[in-house]
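In: What shape does this take:
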Amino acid sequence: MSAARALLWLLAAAAVLIGLGIAIGSSGWSPPWAGGDGGGNALILWEIRLPRSLGAWAAGALLGLGGAIAQGLFRNPLADPYLLGSASGASLAVAVALAVFGVGAAPAHWLAQFGLTGAAFIGSLAAVLLTLAMAKGMQQGLRLLLAGVVVGVVLGAVKELILLATPQIMRSMQSFMLGTTGFIGWSGVGTMLAVLAVCLFGSLAGRRALDALALGESTARSLGVQLGLARSLLVATMALATAAAVAQAGLIAFVGLVAPHLVRSLGFGSHGGLLLLSAAGGGVLLLAADVAARWVVAPQELPVGLITAVLGGGYLLWLMHTRPIGITR
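Out: The predicted structure follows:
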């Protein structure tokens, strides 16, 4: 199967899932063509479910793209978009925002719409910058990787201290930590789609560097790849994609890790097709998880991050069991 045909199939699957996302809610199946009382049903469909479904696809696409970049950049099939500490930075920033502004009705509404999104975005980017500072640049991939691990652990520990000091914010933090698409509106959809376009451009500009890095750093240098410039572009792209997704949907597990694996299992190894298909595949994965989260125990709703963790973790366990070397290069 060609990359173009695979991309069309993934986009078609996304269209079908968006249709399901519009029709499925806490009240069960409500087809878009069904009538409503005074337009209330139409308002729910087009102002709540549609932006939520489109936002789930966009967030998944950003995470899938970030995962493909991370795995190519670090030549590690277990790398994910949160590798440089962005997840810990985002969660710490959200914890600080909740601790400072409180979780009362009015502050919580303001934070959910504006403050938490901005705090998560800034915290995610700040953690990546801290990682780069600790690694003293991007010349050494292993040093950068280790710095990301250290930053993630330290910021995570600080976040836990804040939770211990202000236990009243734990319930609000839970929604962010488990991931949710319920707060995504049209502004969030527009932001993520714009960021996705920029990140696709940036990642595709670095696709040849990723292909060369797959052969080793020395080989990449011999092929004329400017590793410092390439890493700067790719790390910036990965950080931006991850920050945008986390800011809108919280911490979604496994999508950025699993999507590139699924694409490689179809035989796509060159990063030109891998990046595009990982983005489209990540969007389909998160959108399917979002639909399942609303449908499995309706009228209750499961955290979408819980669905992705169970499915993604199960897939990787199955892959390790059936193909012991299947997750290595």
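In: Every contact and neighbour count from this point should use C-alpha atoms.
Out: Fine.
In: The stretch 51-200 of the chain: strands as residue ranges?
Out: Taking DSSP state E, counting those that start in this stretch, the stretch 51-200 of the chain contains no strands at all.
In: mind showing which ranges of it have poor pLDDT?
Out: 102-115, 137-141 (pLDDT under 70).
In: Now do the same for stretch 203-211: mean pLDDT, whole number.
Out: Stretch 203-211 carries an average pLDDT of 90.
In: Hmm, V195 is touching T242, no?
Out: No. Between V195 and T242 there is no contact under Cα atoms under 8 Å: 10.0 Å.
In: between these two, who's got more neighbours?
Out: Counted by other Cα atoms under 10 Å, V195 and T242 do not tie: T242 has more neighbours, with 31 against 21.
In: residues contacting that one?
Out: Residues counted as contacts of T242 (Cα atoms under 8 Å, 6 or more residues apart in numbering) are 62-63, 66, 81-82, 86, 124.
In: A230 now?
Out: 206, 209.
In: And it, its phi and psi?
Out: Backbone torsions of A230, given as degrees, to the nearest 10, read phi -60, psi -40.
In: Look up how far L145 lies from it.
Out: From A230 over to L145 the distance is 16 Å, taken as Cα to Cα, to the nearest Å.
In: how far away is S218 from V225?
Out: Distance, S218 to V225, using Cα to Cα: 10 Å.
In: Those two: who's more crowded?
Out: V225 (19 against 11).
In: Just to be sure, that one is in a helix?
Out: No. According to DSSP: H, G, I helix; E, B strand; the rest coil, V225 belongs to no helix; its state is coil.
In: Touching stretch 208-219 from outside, list them.
Out: Contact partners of stretch 208-219, identified using Cα under 8 Å, 6+ apart, comprise 69, 72-73, 75, 220, 223, 225, 227, 230, 270-272.
In: now swap in stretch 246-254 and tell me
Out: 56, 59, 80, 87, 90, 116-121, 124, 175-181, 183-184, 188, 304-306, 308-309, 312-313.
In: Kindly recompute the last result at 7 Å.
Out: Stretch 246-254 is contacted from outside by 59, 87, 117-118, 120-121, 176-181, 184, 188, 305, 308-309, 312, using Cα atoms under 7 Å, 6 or more residues apart in numbering.
In: Check the offset of stretch 3-21 from the chain's centre.
Out: Here the centre of mass of C-alpha atoms in stretch 3-21, compared against the chain's by Cα atoms, centre = their mean, to the nearest Å, lies 18 Å away.
In: check contacts around G66.
Out: G66 touches 81, 238, 241-242, 256, counting by Cα under 7 Å, 6+ apart.
In: can you rerun that using 10 Å?
Out: Contacts for G66 were tallied using Cα atoms under 10 Å, 6 or more residues apart in numbering; they are 60, 72, 79-82, 199-200, 203, 234-235, 237-243, 245, 255-257, 260, 275, 278-279, 282.
In: just the buried members of these?
Out: The neighbour-count test (16 or more other Cα atoms under 10 Å) marks 60, 72, 79-82, 199-200, 203, 234-235, 237-243, 245, 255-257, 260, 275, 278-279, 282 as buried among those.
In: Among those, which ones are in helices?
Out: Among the buried ones among the contacts of G66, the members falling in helices are 60, 72, 199-200, 203, 234-235, 237-243, 245, 255-257, 260, 275, 278-279, 282 (criterion: DSSP state H).
In: SS state for E301?
Out: Quick answer, by three-state DSSP: E301 is coil.
In: Return the per-residue confidence for it.
Out: 83.
In: you'd agree it is up against T181?
Out: No. Judged on Cα atoms under 10 Å, E301 makes no contact with T181 at a distance of 11.1 Å.
In: Give me the more crowded residue out of those two.
Out: Using other Cα under 10 Å, the more surrounded residue of E301 and T181 is T181, with 27 against 17.
In: wait, isn't the more buried one in contact with G55?
Out: Yes. Look at T181 against G55 with Cα under 10 Å: they come within range, at 7.2 Å.
In: Touching both of those two, which residues are there?
Out: In contact with both T181 and G55: 49, 248-249, 286-287, using Cα under 10 Å, 6+ apart.
In: Just the ones in helices from the residues you listed, please.
Out: 248-249, 286-287.
In: TSV for those residues, including pLDDT, distance to L317 and neighbour count?
Out: Output for these, formatted as TSV (pLDDT from 0 to 100; distance: Cα to Cα, whole Å; neighbours: other Cα atoms under 10 Å):
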residue	pLDDT	distance to L317	neighbour count
Q248	91	29	31
A249	91	25	29
L286	95	19	33
L287	95	22	30
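In: State the pair within those residues that is farthest apart.
Out: Taking Cα to Cα as the measure, those span a maximum distance of 14.1 Å, between Q248 and L287.
In: residue ranges with poor pLDDT in the stretch 201-329 of the chain?
Out: Checking the stretch 201-329 of the chain against pLDDT under 70 turns up 323-329.
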